[in-house]
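In: Sequence and predicted structure below; questions after.
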Amino acid sequence: MKTIDISEFSAEQAHCCTLCPRNCRTDRTEKAGFCGERATARIARAALHMWEEPCISGKNGSGTVFFSGCSLKCVFCQNYAVSRSEKGRSVTADELVGIYFDLVRQGAHNINLVTPTHFAPVVTESVIKAKDGGIGVPFVWNSSGYETPEFFRNSAGIFDVFLPDFKYVSSEISRKYSVAGDYSEVALNVLKAMREAQPDDIFENGLMKKGMIVRHLVLPGCTDDSLDVLDEIKKNLGKSQLISIMSQYTPFYKAKEHKALGRRISTYEYRKAVDYAVELGLTEGFMQEKSSAKEEYTPAFNLEGV
């Protein structure tokens, strides 16, 4: 496995954080960075999750570990209790390793690290320790796509599956809804770095063991941008890239403060995105039923398993 000097990396980033594109350079040993979190990792839930893509959840569930905080500020975030740092308990790398093994004992097909970017050093350390300890399941990096490509180039071989979002192309939309006008440029570079770090999609018994699935959530009133997203995926990653076009949008958090976001998407909006993907030749991947757009599909962040 690739060797990284985690201790040096952690110390440097803790005192002047540049872990995400915000480059806030906050001393996170003293106060929270833009992500809302200090240097010590916090998680809000660690439990089996059945509602990922079938090749991730499988029959038993994905061992999801939800990290507190986020480098984006999405007004429609369905996990806002976690992303806005309202919930969470501090954990060390060794405690994370114990949580991973406990999830495997429960039957998890993989360990699914949800929004780990701003805790990358300790998360990386925990994954290396778990693999050295013989955990025997893949690690999934499940993220917003708003990250630094250098991290994935430097950590190639550590994470097995990448499950990034590609939310927007329009800088106007990404600025309005996620306070990140540079989202598209950043995310495309990250997706290419992830693909370089894990170039092959490998499945065993219907479960993904290595590879990358690019997710896109169709937003109400933003169908044209969804089509642009699909264009960019084909242009930059090729038509063999696995995609997951999601219909689960629900007006969470501050969405209803934005008139266009105050409703679920229509069948027409979702079908337009799916049909365009097929037209482009992006036929490998996953769709969702409209019934996925329900609040009960969002887990309770009650510190289960923490």
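Out: That came through fine.
In: Isn't residue 269 up against residue 225?
Out: No: if you go by Cβ atoms under 8 Å, residue 269 and residue 225 don't touch, sitting 11.2 Å apart. Using the backbone N, CA and C atoms, a C-beta is placed for each residue, glycine as well.
In: List the contacts of the residue nearest the centre of the chain.
Out: Residue closest to the average C-alpha location in the chain (Cα atoms, centre = their mean): residue 143, at 1.7 Å. Applying Cβ atoms under 8 Å, 6 or more residues apart in numbering, one finds that residue 143 lies in contact with 114, 115, 116, 117, 162, 163, 164, 165.
In: so what strands line up beside the helix or strand harbouring the fifth one?
Out: If I follow you right, that is residue 162. For residue 162, the host element (DSSP states H and E) is strand 161-164. Strand pairing for strand 161-164, determined by DSSP bridges: strand 139-143 (parallel), strand 207-217 (parallel).
In: Distance of the nearest residue to residue 22 once chain neighbours are set aside relative to residue 27?
Out: Closest residue to residue 22 apart from its sequence neighbours, by Cβ to Cβ, 6 or more residues apart in numbering: residue 34 at 4.3 Å. Distance, residue 34 to residue 27, by Cβ to Cβ, to the nearest Å: 13 Å.
In: Isn't residue 106 up against residue 48?
Out: Yes: contact criterion Cβ under 8 Å: residue 106 and residue 48 qualify, at 5.8 Å.
In: intersection of neighbour lists for the two?
Out: 60, 61, 63.
In: Would you mind writing the CA trace of stretch 148-160 as PDB?
Out: C-alpha atoms of stretch 148-160 as PDB (Å, rounded to 0.1, in the frame of the first residue of the first chain):
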ATOM      1  CA  THR A 148      -8.500  19.100  -4.100                       C
ATOM      2  CA  PRO A 149      -7.300  16.800  -6.900                       C
ATOM      3  CA  GLU A 150      -3.800  16.600  -5.400                       C
ATOM      4  CA  PHE A 151      -5.100  14.600  -2.400                       C
ATOM      5  CA  PHE A 152      -6.400  11.800  -4.700                       C
ATOM      6  CA  ARG A 153      -3.200  11.800  -6.700                       C
ATOM      7  CA  ASN A 154      -1.200  11.400  -3.500                       C
ATOM      8  CA  SER A 155      -3.400   8.700  -2.000                       C
ATOM      9  CA  ALA A 156      -3.900   6.400  -5.000                       C
ATOM     10  CA  GLY A 157      -4.400   2.800  -3.900                       C
ATOM     11  CA  ILE A 158      -5.800   3.700  -0.400                       C
ATOM     12  CA  PHE A 159      -9.500   4.100  -1.300                       C
ATOM     13  CA  ASP A 160     -11.200   1.500  -3.400                       C
END
